[in-house]
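Colleague: Sequence first, then the predicted structure, then my questions.
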Amino acid sequence: MARRKRPYIPKVKGCYECSQRRINCDGTRPSCSKCVSRGIACSGFDIKYRFRDGLPQAQRTVKRRTRNLSLLHSGSHPEITAELSQDISRFDFNDCEKNTQDLLAFEADPTESNDEAFDWTSPTNSPLVPHSPNPSGSVNTDFLHGLEVIQGLSQVMAPLVPNFCLGQSELRMEFLLTYFSNNIAPEMVVVDDANNGWRHLILPMAHTSEVMMSAVLAASAFHLSGRDASQTIADPHKLYGQAIQELQRRRDLTGCDRKAKQVVILAIVVLLVAVMINGCSDFPIIFQMLESALDAVGGEGGLLDGSEMAKFSLRQIRKLRVYAAPLLSQDAGLHAMIYRAEESFDCLHYYDRLHPKQSHMFKAIANIRQQAFNIYLDRVLSKDVGSVPAGAIDRFITSVQAFPEGTPGEHVLIWPVFIAASESSTLEHQQVFEEFLERQYHRNGFFNILRGLELLRKIWARSNSEDWPALLPEPQVFIM
């Protein structure tokens, strides 16, 4: 007897991953439940377009390059570093694509590996960043050349690193965003509460802006890899490079709306945090990008619109500007502490209004910071030995020791402690400062603190330590 013919069942179109596992996809969008429940990155259901070289169109314009700066060898190639600083310090925002759709990741073809599609570490697959014309038809060659120098710098300086790729894994993205919220955002404020803008402003912004997403993920990935090199969540250097590329696409801030300007400004601020975390010497370059962006939008007034985001931006910029100044040059440090010191206290005033019961803590922090300002100014304004008043370091240490280990607010004293430590001359004082900074490093894992300790030991070893303000810019590291 002939076998009964099987009834026709129309094929159910589903995701590529379910088809490879030979199961029926449930068709849930944007990612099917069967993939999500098993921790598989679902490629979704959109049509994928392939080209002869095997890359989707969106990925063909991605600049692939390595961004791995070695902490211990950051000064091994001074000629390249000097060229990098000279070129990118002229960062000019003259090219903005107004209607750019901000997407987190470029769509990869489901038939090929994400790691192959995003091979950022292969020197044989490193096309230059595509030239994006500005409205006048000219190209900002200074900035593009600067990006090429960054690429060359990283290739000659960086050791080989594992090719970790964020790809299309939403789980990895969410992990890094949560990591930023839990490990980095608390370090950037005096009091970590519901008003922490690094969490409730920066992170939502990352979901709508690719440049912000890349900057945030880079900061998280740098911090995670610094604490545990075996972690394979994502390549921070690829994300860092992607953020730089996205900033290059937004150079013409004059043609952007106010919110787009704020996003660019804050993305650069997040990149400053990233270079604090990895301790690399890109700090002067990134800070110059911030200054150029501010000039392009008309200064601080160009950001003011009464929104919470604008106020948050100004508070961070005013604080970072004063902290950064003595690490850039002695003249910049002198100018900032004379003319901009008062506005750098805006963050403390903000939290003082929110938490009046902790007013004593904010006043103590302000006092310690002012003591550091005075120590720096006394040393710079008078080259004579002993220009800093006798007992200034003793009073400073007494003020800092009012914040025992683990006390709220202790973590924001890194910059003033570093300044006072530079002036210290006795082994007893130096040991107190060294123990404090080492404790902060073991707590937060920011490599800029280790670079700061290296500089302090160099200053302490000099027979003539009175010229220490001139030595602070040498490492080109943002210490705060």
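Modeller: Cool, the structure landed.

Colleague: before we move on, could you check phi and psi at Arg250?
Modeller: Per-residue torsions, Arg250: phi -110, psi 30 (degrees, to the nearest 10).

Colleague: Around it, count how many other residues there are.
Modeller: By other C-beta atoms under 10 Å, 24 other residues sit near Arg250. In short, each C-beta sits where N, CA and C put it, glycine included.

Colleague: Show me what it is bridged to.
Modeller: Taking DSSP bridges as the rule, Arg250 bridges to Cys96.

Colleague: Gly14 and Thr28 touch, don't they?
Modeller: No: using C-beta atoms under 8 Å, Gly14 makes no contact with Thr28, being 9.6 Å away.

Colleague: Relative to Gln371, how far out is Ala332?
Modeller: Computed with C-beta to C-beta, to the nearest Å, the distance linking Ala332 and Gln371 is 20 Å.

Colleague: Poorly predicted segments of the stretch 201-350 of the chain, please.
Modeller: 231-232 (pLDDT under 70).

Colleague: In CSV, could you pull the C-alpha coordinates for the lengthiest helix in the chain?
Modeller: For the chain, the helix with the greatest residue count under DSSP state H is helix 359-381. The C-alpha coordinates for helix 359-381 follow below in CSV (Å, rounded to 0.1, in the frame of the first residue of the first chain):
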residue,chain,number,x,y,z
SER,A,359,26.4,70.7,53.6
HIS,A,360,29.4,70.2,55.9
MET,A,361,30.8,67.6,53.5
PHE,A,362,30.6,69.8,50.5
LYS,A,363,32.2,72.7,52.4
ALA,A,364,35.0,70.5,53.4
ILE,A,365,35.6,69.3,49.8
ALA,A,366,35.5,72.9,48.6
ASN,A,367,38.0,73.9,51.3
ILE,A,368,40.4,71.1,50.3
ARG,A,369,40.1,72.1,46.6
GLN,A,370,40.8,75.7,47.4
GLN,A,371,43.9,74.7,49.4
ALA,A,372,45.1,72.9,46.3
PHE,A,373,44.5,76.0,44.2
ASN,A,374,46.4,78.1,46.7
ILE,A,375,49.4,75.7,46.8
TYR,A,376,49.6,75.7,43.0
LEU,A,377,49.3,79.5,42.7
ASP,A,378,51.8,80.2,45.5
ARG,A,379,54.4,77.9,43.8
VAL,A,380,53.8,79.4,40.2
LEU,A,381,53.7,83.0,41.2
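
Colleague: residues of that helix that come out buried?
Modeller: Buried residues in helix 359-381, counted by 16 or more other C-beta atoms under 10 Å: 361-362, 364-365, 368-369, 371-377, 379-380.

Colleague: Relative to Ala243, which of those is nearest.
Modeller: Arg369 (30.0 Å; C-beta to C-beta).

Colleague: Break this structure down into its domains, please.
Modeller: 1-46, 57-305, 352-471 (automatic domain parsing).

Colleague: weakest of those by average pLDDT?
Modeller: Of all the domains of the chain, the minimum mean pLDDT falls on domain 57-305 (a mean of 66).

Colleague: who's in contact with stretch 450-464?
Modeller: 71, 279, 414, 418, 421-422, 424, 430, 433-434, 437-438, 441, 465, 468, 471-472, 474-475, 477, 479 (C-beta atoms under 8 Å, 6 or more residues apart in numbering).

Colleague: Can you point out the buried residues in that stretch?
Modeller: Neighbour-count burial for stretch 450-464 [16+ other C-beta under 10 Å]: 450-453, 455-456, 459-460.

Colleague: quick one: which of those is nearest to Tyr179?
Modeller: Within the buried residues of stretch 450-464, distances to Tyr179 taken as C-beta to C-beta reach their minimum at Leu450, with 20.7 Å.

Colleague: Can you tell me the SS state at that closest one?
Modeller: Of the three states, Leu450 takes helix according to DSSP: H, G, I helix; E, B strand; the rest coil.

Colleague: Excluding chain neighbours, what is closest to Pro444?
Modeller: If you look again at residue 444, you'll see it is Asn, not Pro. Nearest in space to Asn444, with sequence neighbours left out and distances taken as C-beta to C-beta, 6 or more residues apart in numbering, is Glu187 at 5.3 Å.

Colleague: and Lys350, how many residues sit next to it?
Modeller: Wrong residue type there; residue 350 is Tyr, not Lys. Neighbourhood size, Tyr350 [other C-beta under 10 Å]: 19.

Colleague: surely it meets Leu314?
Modeller: No: contact between Tyr350 and Leu314 fails when scored by C-beta under 8 Å: they sit 10.4 Å apart.
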